[in-house]
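Visitor: After the sequence you'll find the predicted model.
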Amino acid sequence: MESENLMHVTPKIGLLPLYLALYDDKMPEERAVFAPFLAGLQKALAGQGLELMTAPVCRVRREIAAAVKGFEKADVDLVVTLHLAYSPSLEAAEILAETRLPLLMLDTTMDVEFTPKTAPGRLMYNHGIHGVQDLASVLRRLGRRPEIVAGHWQAPEVLPRVAGIARAAAAARRFHSSRVLRLGKVFAGMGDFQVAPEMLRHGLGIAVEQAAPSVLATAVRAVTAKAVAAEVAEDRKRYAVTAPAAVHARSVRLALGLRRFLADGGYNAFSFNFEAFDQGTGPVDTVPFLEASKAMARGVGYAGEGDVLTAALVGALAAAFGDTSFTEIFCPDWKHNVLFLSHMGEANPELLAGKPELVEKPFPFTPAQNPAMIAGAFRPGAATLVNLVPGPDDRFSLVLAPVEMLPEPRGAAFAGWVRGWIRPSLPVAPFLERYSVAGGTHHSALVYGPNRLEPLQAFARFQNWSCEIIS
């Protein structure tokens, strides 16, 4: 059952090649010269893990309108324009300004160099950039600011940038179609992530359903002993299991029931208040920390304490970018400029160093039985802390902080915990000052990987959020 409810997405782009009708009228043989260039670019984009829909080469307004209508019908995540040669802006500008689809202009050419010794005839194949300038300027006048990536398409950084922005567009779509389950009420008195239900639904597009944990009872009862045994066996392969067999089995049973409930309900994110799990007997007799961790590895969003806003954020980023976890900044090490990340019992196990632990979690807060949970240290590497901030007048902002996740030192005293040590790009004191001045909440997403700032900034722009980088 581990493969069920996979939420990872492949971004789908609509490639719009633009050209000048005059060239077809006066030099029809030139069109064929562009065919290998276009084919090579298509192959290279697909090689970036993108699903590609390419329109026919478009020259005039009616052709561009038909292409964009096709992209809208196919529900692509991002329209990418490609100027094969100069193309007059007024053929495309109004159409592209009006579409609901995110827009990126790829500013590239057939040849990598154009020197004083270049044959003058090559001008025909390398002058599309002033078409980009014409169109970008008019789009700005019309109130539309597309993303722009410039550079030769075979340069190692160019198409990965396009792919990153495509993933940002896919994440924005996923966020605005989030369906989130909240089990129990929001943790009493915790206010930083709370947003009015009408704003969640109508302002952000997040559908929230709240229920008591008992709603899972039927799904948990339907889990067979065979399914529990199979999941336990898989856990023993993947994790260093020290939890007693009974503790492990009851957590797996609840995990599988919750997994089925999420899949059947079409939820792509969830959150729970651990205090709501207050039964020590019956089908829902523990807390589903184990499934919270496993779900994030499958691209399902999660956040603690009833925080559906961050759960939707984690789900959107995990589905589009992968390698994402819910986390919290817990403690500062002022002396060494390090921050400690943790939470009660949830972390994406795919991001933990070595073989993750599966341990029994002492749980003194309610009569619920002790759960099993996945523990371990976040693996070292580049990452970005991402925080969605509700602001005044129902406006939102995204706070981005590039960080270095540090390796866990030998002899660390946190075995059995979810743990991680990050070094921000600023000393801890000014970092924390700027974070709180920006309104950063205590619940965040952690996204692994280098070069994440540009696509994450695009993710904010696609949703008309402001963005602050703490760097």
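Guide: Yep, that arrived. Residues are numbered from 1 along each chain as shown.

Visitor: which is the next helix or strand following the helix or strand harbouring Leu159?
Guide: For Leu159, the host element (DSSP states H and E) is helix 158-175. Remark: after helix 158-175, the chain's next helix or strand is strand 179-183, criterion DSSP H and E.

Visitor: roughly how far is the following helix or strand past that next one from the heart of the chain?
Guide: As assigned by DSSP H and E, the chain's next helix or strand after strand 179-183 is helix 197-198. In terms of Cα atoms, centre = their mean, to the nearest Å, the centre of helix 197-198 is found 23 Å from the chain centre.

Visitor: and what of stretch 328-337?
Guide: For stretch 328-337, the separation from the chain centroid amounts to 26 Å (computed by Cα atoms, centre = their mean).

Visitor: Any buried residues in that stretch, and which?
Guide: Glu328, Ile329 (16 or more other Cβ atoms under 10 Å). The way it works is simple: take the backbone N, C-alpha and C, and place the C-beta from them, glycine included.

Visitor: The helix holding Leu159 packs against which elements?
Guide: Applying 3 or more Cβ pairs under 8 Å, 6 or more residues apart in numbering; DSSP states H and E, we find helix 158-175 packed against strand 12-18, helix 34-46, strand 78-83, strand 103-107, strand 147-150, helix 308-321, helix 453-462.

Visitor: pull the CA atoms of the following helix or strand past the last one into PDB?
Guide: Next in sequence after helix 453-462, counting helices and strands by DSSP H and E, comes strand 466-469. Presented in PDB, the C-alpha positions along strand 466-469 are these (Å, rounded to 0.1, in the frame of the first residue of the first chain):
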ATOM      1  CA  SER A 466       5.200  39.300  -2.100                       C
ATOM      2  CA  CYS A 467       8.500  37.500  -1.400                       C
ATOM      3  CA  GLU A 468      11.300  38.200   1.000                       C
ATOM      4  CA  ILE A 469      14.600  36.500   0.800                       C
END
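
Visitor: buried set for strand 466-469?
Guide: For strand 466-469, the neighbour count (16+ other Cβ under 10 Å) marks Cys467, Glu468, Ile469 as buried.

Visitor: Distance check, the closest residue to the first one other than its chain neighbours against Ala150.
Guide: By the measure of Cβ to Cβ, 6 or more residues apart in numbering, the closest residue to Cys467 outside its immediate chain neighbours is Ala460, 4.0 Å from it. Distance, Ala460 to Ala150, using Cβ to Cβ, to the nearest Å: 21 Å.

Visitor: And the two? Which one has more around it.
Guide: Ranked by neighbour count (other Cβ atoms under 10 Å), Ala460 and Ala150 place Ala460 first, with 21 against 12.

Visitor: Assign Gly205 to helix, strand or coil.
Guide: Look at Gly205: counting by DSSP: H, G, I helix; E, B strand; the rest coil, its state is coil.

Visitor: Name the nearest residue to it, ignoring sequence neighbours.
Guide: Gly205's closest residue in space is His176 (Cβ to Cβ, 6+ apart), at 3.7 Å.

Visitor: I'd say the one you found and Gln463 touch.
Guide: Yes - applying Cβ atoms under 8 Å, one finds His176 in contact with Gln463, separated by 7.3 Å.

Visitor: before we move on, the earlier item: for the record, mean pLDDT for the helix holding Leu159?
Guide: Average pLDDT, helix 158-175: 98.

Visitor: quick one: it to chain centroid distance?
Guide: Relative to where its chain is centred, helix 158-175 has its mean C-alpha point 9 Å off (Cα atoms, centre = their mean).

Visitor: List every C-alpha atom in that helix, with coordinates, as PDB.
Guide: The C-alpha trace of helix 158-175 is given here as PDB (Å, rounded to 0.1, in the frame of the first residue of the first chain):
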ATOM      1  CA  VAL A 158      19.300  27.600 -19.000                       C
ATOM      2  CA  LEU A 159      16.900  24.700 -19.400                       C
ATOM      3  CA  PRO A 160      17.100  23.700 -15.800                       C
ATOM      4  CA  ARG A 161      16.000  27.200 -14.900                       C
ATOM      5  CA  VAL A 162      13.000  26.800 -17.300                       C
ATOM      6  CA  ALA A 163      12.200  23.400 -15.600                       C
ATOM      7  CA  GLY A 164      12.400  25.000 -12.200                       C
ATOM      8  CA  ILE A 165       9.900  27.700 -13.100                       C
ATOM      9  CA  ALA A 166       7.700  25.100 -14.700                       C
ATOM     10  CA  ARG A 167       7.800  23.200 -11.400                       C
ATOM     11  CA  ALA A 168       6.900  26.500  -9.600                       C
ATOM     12  CA  ALA A 169       3.900  26.900 -11.900                       C
ATOM     13  CA  ALA A 170       2.800  23.300 -11.100                       C
ATOM     14  CA  ALA A 171       3.200  23.900  -7.400                       C
ATOM     15  CA  ALA A 172       1.100  27.100  -7.600                       C
ATOM     16  CA  ARG A 173      -1.700  25.100  -9.400                       C
ATOM     17  CA  ARG A 174      -1.400  22.300  -6.800                       C
ATOM     18  CA  PHE A 175      -1.600  24.800  -3.900                       C
END
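
Visitor: Much appreciated, bye for now.
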